[in-house]
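Novice: Build me a structure from this.
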Amino acid sequence: MGAGIMGADHARILHRDVPNADVVMVADVDRDRAEAVVADIPGAVVSGDARALIASPDVDAVLVASSDATHVEYVLACLDLRKPVLCEKPLAPTAAECARIVDAEQAVIAGGLPLVSVGFMRRFDPGYVELRGLVDEGAVGVPLAVHSVGRGVGAPPGSDELTVTGSAIHDFDIVPWLISSPVVEASWLAPRRSPEVTDRQDPQFILLRTADGVLVTVDVFLHARYGYDIRCEVVGSQASASLTEPHRLVRDHGLTRSHGYAADWRPRFAEAYRLQNRAWVESLTAGTPSPLATARDGLQAALVADAVLASMHGGGGFVPVGTTP
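Specialist: From the prediction side, this is the model:
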């Protein structure tokens, strides 16, 4: 569902890299865009009607990569027909909409296998997986702080709120996953705005506190210009551990040592997307629970986002994370 950048990538990954997955249909409001995607996928057809794709008897499961505002409608439509669905993050733009999905799923499955998976792909990134392993085995001691940085070359037009719900939402999921402690309060702060950005506050700084008292700093800078840069450090009582990406190649030339950055998230997280989509399909074919983030995980990240937005519009103080929308 959706043939934009993410939808096209998902379709190609499923077709090329995931055994037992057959991409049979691609839907997009822009039919030409969908045609361009299926041109490389023999046997796949195009639909301009999202509901028709979901209802098609040829479709066993749906991957939703359309615009954020459409997520709740399409996921609920999949649940109505009891079809498994992998929804790109965010599960929905608001916590209230996420709660609708959680409630609808519970009503449909009645204690059976969950049908909704959420595309928080960082959970499958080898670096993050190894980092969590170190934390779990006590290699850093007791976690005390986490520093998470997400910077990009640029972003489409947006808003302060969209930076939170569309970008920082990854941090709201991955940090509690890393240290096995939920976020209980959040604060939003901002330095001076980059003079090259007119549509939003950029960068933004977010503070999170977990139930175990871990303080988390989140640095989101969508128009950092120099490259796509993801960093994460867990500081513990005995040691610290950090991601080493994106440095895969170092160039020595003219008395200078340097390395390059990707232009966007796709090269950095290519392996994470492959592993995520493969794990999703494997769980479907085996009839086992999906190892991806759940609808409840999507709701929890949205509740953190709600608290961040409340802090943004309320002076920057810490705001408790709610348990219901």
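
Novice: use CA for all of it now, contacts and neighbours both
Specialist: Will do.

Novice: next one: phi and psi at the most centrally placed residue in the chain?
Specialist: Centroid-nearest residue in the chain, with CA atoms, centre = their mean: F120, separated by 3.5 Å. Dihedral pair for F120: phi -80, psi 80, per degrees, to the nearest 10.

Novice: G213 touches L144, doesn't it?
Specialist: Yes. Taking CA atoms under 8 Å as the definition, G213 is a contact partner of L144 at 7.5 Å.

Novice: Between the two, which is the more surrounded one?
Specialist: L144 (18 against 15; other CA atoms under 10 Å).

Novice: That one belongs to a strand, doesn't it?
Specialist: Yes. Counting by DSSP: H, G, I helix; E, B strand; the rest coil, L144 falls inside a strand.

Novice: Which pLDDT value goes with it?
Specialist: Looking at L144, its pLDDT is 98.

Novice: Contacts only, for it.
Specialist: If you count contacts by CA atoms under 8 Å, 6 or more residues apart in numbering, L144 has them with G213, V214, L215, V234, V235, G236, S237.

Novice: how about D219, secondary structure?
Specialist: strand.

Novice: Give me the below-cutoff pLDDT ranges for the chain.
Specialist: 246-249, 325 (pLDDT under 70).

Novice: if I look at the residue nearest to the centre of the chain, how far off is R225?
Specialist: Noted for F120: a distance of 24 Å to R225, by CA to CA, to the nearest Å.

Novice: Over to L144?
Specialist: As judged by CA to CA, L144 and R225 stand 31 Å apart.

Novice: isn't the residue nearest to the centre of the chain right next to C87, touching?
Specialist: No. With contact defined as CA under 8 Å, F120 does not reach C87; the gap is 9.3 Å.

Novice: where along the stretch 101-250 of the chain do the strands fall?
Specialist: In the stretch 101-250 of the chain, the segments counted as strands under DSSP state E, counting those that start in this stretch are 116-119, 143-151, 183-189, 204-210, 215-221, 229-236, 240-242, 250-253.

Novice: For the longest one, which strands pair with it and how are they oriented?
Specialist: As defined by DSSP bridges, the strand partners of strand 143-151 come to strand 215-221 (parallel), strand 229-236 (antiparallel).

Novice: Return the most buried member of the ones you listed.
Specialist: Comparing the strands paired with strand 143-151 by mean neighbour count (mean count of other CA atoms under 10 Å), strand 215-221 comes out on top with a mean of 22.

Novice: I'd like the strands of the stretch 101-250 of the chain as TSV, with distance to P42 appended.
Specialist: Formatted as TSV, those follow (distance: least, CA to CA, whole Å):
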stretch	distance to P42
strand 116-119	25
strand 143-151	37
strand 183-189	45
strand 204-210	44
strand 215-221	40
strand 229-236	35
strand 240-242	42
strand 250-253	39
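
Novice: how about those strands, which one is nearest T294?
Specialist: Smallest distance to T294 across those (CA to CA): 4.9 Å, for strand 116-119.

Novice: tell me what the closest one is packed against?
Specialist: strand 85-88, strand 293-294, helix 295-312 (3 or more CA pairs under 8 Å, 6 or more residues apart in numbering; DSSP states H and E).

Novice: Specify the stretch among these that is closest to A263.
Specialist: strand 85-88 (20.6 Å).
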